[in-house]
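Student: I'd like to go over a predicted model; first the sequence, then the structure.
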Amino acid sequence: MGVGNRVLPRAESVAAETLERFRAAAFPVANVADAMGRFGALRGLRRMAPAPYLVGTALTVRTRPSDNLMVHKALDLAGPGDVLVVDACGGADYAIVGGLMCRYARRRGLAGLVVDGMVRDDDELTELGLPVYAAGISPNGPYKDGPGEINVPVSCGRTPVLPGDLVLGDADGVVVVPRADAEQVRREAEAVRGNERGVVAAIERDGWDRAWIDRKLAANGCADG
Ligand SMILES: O=C([O-])CC(=O)C(=O)O
Ligand SMILES: [Mg+2]
């Protein structure tokens, strides 16, 4: 088994009850990212087509920016509730995943795919309605030669992802919650959402307290007027 060219066993995943609590809560990704000190949301990736809220556990893949052999292997290892998190080094020239693979993923019950690289077959992805996040689209197809790694720590959207981490996605993007921190983040996200709901209510009754802005500017020594 070689570094850079290996398939590791499935990692321990975020607890099933925690996963269910996050599924029921369906927090906006922005609230969860705020609950994590504004880290945690993957950078430069977007949802490729309208799709349901994404909740699942990370099955990680590392691959060359032009090759998807290990992604195909990972699809055969993945099952219901898994999210393939693919570190393709942010490659912009070759699609790593396309419509056929996403159809197969949907058939196998995967929760979604997150690709730090390109995808293709945009119309098909739209038709499938599976949550697929990527850096962009390229019609150029991938080679299938390897090497690569499965179930190792990866970097996706310039953010570390460990196999078994919790993955959440909505129209804004994807946030990854470290498995061991998930319950704490859930409580924080609940507080962030509660606070935002309070602000919404205050805006609607013209009661949003804006005094903090001038206090902050004064503390900054800002020349005002
Ligand atoms: O050729 C590939 O491996 C990727 C692709 O377009 C598909 O899955 O439809
Ligand atoms: Mg295709």
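Tutor: Done, it's in. Ligands and ions are numbered 1, 2, ... in the order given.
Student: Test for you: state the pLDDT assigned to the residue of the chain found nearest ligand 1.
Tutor: Proximity of the chain to ligand 1 (C-beta to the nearest ligand atom) peaks at residue 98, 2.3 Å away. From N, CA and C alone the C-beta is placed, and that goes for glycine too. Looking at residue 98, its pLDDT is 98.
Student: do you know how far it is from residue 127?
Tutor: 13 Å (C-beta to C-beta, to the nearest Å).
Student: Compute the number of surrounding residues for the residue of the chain closest to ligand 1.
Tutor: For residue 98, the count of nearby residues is 20 (other C-beta atoms under 10 Å).
Student: Over to residue 130?
Tutor: Count around residue 130 with other C-beta under 10 Å applied: 20.
Student: same deal with residue 220?
Tutor: 9.
Student: Got the phi and psi for it?
Tutor: Torsion angles at residue 220 (phi, psi; degrees, to the nearest 10) stand at phi -80, psi -10.
Student: any idea how far it is from residue 212?
Tutor: 12 Å.
Student: just residue 103 next, same as before
Tutor: Distance from residue 103 to residue 212, by C-beta to C-beta: 50 Å.
Student: and residue 185, what element?
Tutor: Element membership of residue 185 [criterion: DSSP states H and E] is helix 182-204.
Student: swap in residue 62?
Tutor: Here residue 62 is assigned to strand 54-63, by DSSP H and E.
Student: Contacts only, for the residue in the chain that ligand 2 sits nearest to.
Tutor: The chain approaches ligand 2 most closely through residue 98 (3.2 Å), counting by C-beta to the ion. By C-beta atoms under 8 Å, 6 or more residues apart in numbering, the contact list for residue 98 reads 119-121, 124, 141.
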